[in-house]
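Chemist: any chance you can model this:
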Amino acid sequence: MQQLVWIWGLAALLMVLGWQWQRRRDNAGIVDVLWSTGLAMAALLLAFTGSGAVGARLLVGVLATAWALRLALHLWGRVRSEPEDGRYRALRAHWQGSQLKFFAFFQFQTLLVVLFSLPLAAVVAHPAPAAWQLGLALALWIVAVAGEALADAQLARFRNDPANRGKTCRRGLWRYSRHPNYFFEWLHWCSYAIAAIGAPLAWLGWLGPVVMYLFLRYISGIPFTEQQALRTRGEDYRDYQRRTSMLFPWFPKD
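Modeler: Next comes the predicted model:
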């Protein structure tokens, strides 16, 4: 419990600084960068203070931190070089620029950092994870992080080509899923669920993939992203929706 209080306090401070940053620059995209950064901090804190086996703590300290920092750096590259994401512009217009609502929104991300720290806490408390668990968790992590990085790189190359302005990326992994980056982000959380099997609070390990799926599919991921895509790409994106799997990769329809 003390670990979670520290994570909440650090994340809350981080989000206050992020709220002030977006207030000066009118760019709320920083919240995604700080959510990932907060999880990296949480992973390191849990790894150093956990009571479980060294292998379990190393898995969280190295793998979870590396995943979160890669995502934070990727998102920071977009935030610092591009205008505010259309999702947040729409939110800013809907809230009529209310900074009180943005402050509450940023602090809500603090609670999400704590929530997604729970699967990591389950792993670092594991007294004796089996070798097959750690090996399978590592293999799944490698596939997930490599897939997410590849999807991000393919989309970045597509977006950086002026000839593709107003068009929908259908290249590489984006041919088989409308959101391959989200799919691999979800898959990444499955690695901690596997590593937590047999831990005193093993069920917490499954919060990662379950809650992440719910957020991506129904709340803050796909719905907001696709609403923005329909606003900017219209019929081209509707055709993409008809032909391409939403989240889980599959062959496109003719």
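
Chemist: show me the contact partners of stretch 149-167.
Modeler: 70, 74, 169, 171-174, 180-181, 184, 232-233, 236 (CB atoms under 8 Å, 6 or more residues apart in numbering). Where you see a C-beta, it was placed from the backbone N, CA and C, and this is true even at glycine.

Chemist: out of these, which is most surrounded?
Modeler: Pro180 (25 neighbours; other CB atoms under 10 Å).

Chemist: quick one: least confident of the contacts of stretch 149-167?
Modeler: Among the contacts of stretch 149-167, Thr232 has the lowest pLDDT, at 90.

Chemist: export the contacts of stretch 149-167 to a markdown table and tack on secondary structure?
Modeler: Below are the contacts of stretch 149-167 laid out as a markdown table (DSSP: H, G, I helix; E, B strand; the rest coil):
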| residue | secondary structure |
| --- | --- |
| Arg70 | helix |
| His74 | helix |
| Cys169 | coil |
| Arg171 | coil |
| Gly172 | helix |
| Leu173 | helix |
| Trp174 | helix |
| Pro180 | helix |
| Asn181 | helix |
| Phe184 | helix |
| Thr232 | helix |
| Arg233 | helix |
| Asp236 | helix |
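
Chemist: for these, which one is nearest Arg89?
Modeler: Thr232 (10.8 Å; CB to CB).

Chemist: relative to Arg159, how far out is the nearest residue to that closest one once chain neighbours are set aside?
Modeler: Spatial nearest neighbour of Thr232, excluding adjacent residues (CB to CB, 6 or more residues apart in numbering): Gly86 at 6.5 Å. According to CB to CB, to the nearest Å, Gly86 and Arg159 sit 13 Å apart.

Chemist: so for the host helix or strand of Asp152, mean pLDDT?
Modeler: Element membership for Asp152, per DSSP states H and E: helix 131-159. Here helix 131-159 scores 96 as its mean pLDDT.

Chemist: buried ones in it?
Modeler: 133-134, 136-138, 140-141, 144-145, 147-149, 151-152, 154-155, 158 (16 or more other CB atoms under 10 Å).

Chemist: do stretch 49-64 as well
Modeler: Using 16+ other CB under 10 Å as the burial criterion, the residues of stretch 49-64 that qualify are 50, 52-53, 55-57, 59-61, 63-64.

Chemist: correct me if wrong: Gly61 contacts Ala47.
Modeler: Yes: in this structure Gly61 lies within contact range of Ala47 using CB atoms under 8 Å: 2.9 Å.

Chemist: what segments of the stretch 101-250 of the chain are helices?
Modeler: Applying DSSP state H, counting those that start in this stretch to the stretch 101-250 of the chain gives helices spanning 131-159, 180-195, 207-214, 222-243.

Chemist: packing partners of the second one?
Modeler: Put plainly, it is helix 180-195. helix 99-124, helix 131-159, helix 207-214 (3 or more CB pairs under 8 Å, 6 or more residues apart in numbering; DSSP states H and E).
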